[in-house]
Structure formats: structure tokens, C-alpha cells
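>>> dropping the sequence and predicted coords here.
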Number of protein chains: 2
Amino acid sequence: MDDELFMEEALKEAYKAYEIDEVPVGAVIVRNGQIVGRGYNQKETMKDATLHAEISAVKDACANLGGWRLSNCTMYVTLEPCTMCAGALVNARIQRLVIGVRDLKTGACGSVFNIVQSEKLNHQIDVQFGVLEEDCSGTLKNFFKKLRNS
Amino acid sequence: MDDELFMEEALKEAYKAYEIDEVPVGAVIVRNGQIVGRGYNQKETMKDATLHAEISAVKDACANLGGWRLSNCTMYVTLEPCTMCAGALVNARIQRLVIGVRDLKTGACGSVFNIVQSEKLNHQIDVQFGVLEEDCSGTLKNFFKKLRNS
């Protein structure tokens, strides 16, 4: 199934974060069956509060597509986006959002807030949870286990 | 008064956006009375949905201070931040936020949402509205008047 294939690609991005001791979150953006943007969390490495996986993937897709509107695009992300990232997806007019695992502390796509489906804003995003949920969750659990043992 | 002096600096950033036909929003970040970050809206010019004034200012301050935590920093911004930018300010642990004019359509600091003062997140920001409000509002009105007449 395509959704699982693209979430595997998001997981590959998450592993890049894992390898450099960042909280392992990865994202890809897909249009017409092609990956047009990739990103992984680099907040600590780059010392930049904005460099979550989703922001990097949006910037990459905007650069590759030559515009700020990511209409007809789907984002696959291993962890539910926070308010910053959810707001970026609305601003970029992302059409669909596929999420691996919920973030019950900061998730802004249904768990703590729901920014991406709010009728108060001028754009709403279709959201699907739970694609490769165990893999996405396991990657995070392994990371925090490694962190505690280091 | 210091708040007005720093909002003048944010307005200077907004004028940079105005000059390149971007919606004129500007921001500066201040720590210990010194400007440590500046930004203006470059979304259209850079074809990047994330390049609001506040995101650029946060990235600039993180680079200048050498870390993603902007504790003890105040942001001065001419227009109320959207959800993306409000989330970035929470993520960066900004202490205080001074806003020129409300954004009744997308403002996420009290007007449409209140992300920066939500008890659901692990950081809350002191917010003050209305510093140089007429200047900030006038800059936006002039821009949209110019746009209509072009």
C-alpha cells in the first residue's frame, strides 16, 4: 500500500535524526506519487528551534516545486506535528496528512489541539493516523531508551 | 520607552518587506536590551511558506546566540503571530511577546487561538498588545491599498 511505502521513507528520515542523537522524527512530502520534499529533526545539531522534520520537509518541497503552495501534496510524518508544524502545513496548503503515532503532549492535529482541521482558519487538511504506528513508536522508544542508558 | 524603540526596529523590518511587495510584517528579538535577531516576511520572494518574519527572527537569534533556547528574550512583532509562528515562539522558549496589531483572521496569541499562553503546553509567554498599534496597522493598510491600485 502506497501510504505504508511513503511512511517507510519518512522512517528513513527519522533514522537520520536517530543517528545524530536527535529525537527521531522524519517526514516526506508526496505529489502525484513522487517524493518532492524530505526532512528530519535537526533542532539540537543545527541549534535552531524551528528545524523540526516537518519544517525542513516543507522548505525542501517549496524549493523543489518553486512555490510556497503545496496544494495536492500529502505529508507523511512519523510523529504528530506540534503547533508550529501544524501551522506551517496549513500555511503551505498541504492537502493530506498521514501520521505514524500520536503526540499526546504537543500534538496539534487532534491530540492536544487541532490546528489542521479548524474551521477558524481558511484551509483544512485531511488527517489519517496510525500508518506503521508500531515502527514509528518503536523508533522513538528506542531513542529514549538509548538516551537513558547513555 | 524601550518597548516603543524596539517596535520601531520591528517596523523597520516590516518596511523591508513592504519594499519588495511582501505583506509588511517585521520582528526583532531582544535580550538584555540588545537586538539579537531580526526578520521580515519573505514568503513570496523566497517561495517558502515558512518564511514569516517571526520564523526568520527566531532562526537569526538562534544563530547569533548559538542555541535553540531563546530564554529571557522578548520578541517585538508588528502583527500578531499565526499558529506556525506562535508555536515556534513556544518551542524556542521566548519569555515575552510584544505585538503591534491584532490579526483577527489568523492570530494565535489571543485573537483566533491562544497558543502562546495555553496551559496545555509546557511553556507560556507574557503577551502585550498595542505598542505602536497605529503605525503597525497603517503600514499594513498602505500595503493593501497599494496592492489594490497596482
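Structure's in. What do you need?

>>> centroid-nearest residue for chain A?
Computing the C-alpha centroid of chain A and ranking residues by CA atoms, centre = their mean puts residue A:77 first, at 3.2 Å.

>>> now it: which helix or strand?
Assessed by DSSP states H and E, residue A:77 sits inside strand A:73-79.

>>> and for residue A:55?
Judged by DSSP H and E, residue A:55 forms part of helix A:53-65.

>>> and if you look at residue A:128?
strand A:126-129.

>>> could you list every helix and strand in contact with that strand?
For strand A:126-129, the elements it packs on are strand A:96-101, judged by 3 or more CB pairs under 8 Å, 6 or more residues apart in numbering or on different chains; DSSP states H and E. For glycine as for every other residue, the C-beta is placed from the backbone atoms N, C-alpha and C.

>>> residue A:67 - nearest residue in space that isn't next to it in sequence?
Excluding its sequence neighbours, the residue lying closest to residue A:67 (CB to CB, 6 or more residues apart in numbering or on different chains) is residue B:47, at 5.1 Å.

>>> still on that earlier bit, for the residue nearest to the centre of chain A, which residues make a bridge with it?
residue A:27, residue A:99 (DSSP bridges).

>>> which parts of chain A sit against chain B?
Residues of chain A lying close to chain B (CB under 8 Å from any CB of the partner chain) are A:43-44, A:47-50, A:52, A:55, A:58-59, A:62-63, A:66-70, A:82-88, A:90-93, A:105-106, A:108, A:112-113, A:115, A:118, A:120-122.

>>> residue ranges with poor pLDDT in chain A?
A:1 (pLDDT under 70).

>>> go with 90
Along chain A, the parts satisfying pLDDT under 90 run over A:1, A:147, A:150.

>>> which parts of it are helices?
A:2-19, A:53-65, A:83-91, A:133-149 (DSSP state H).
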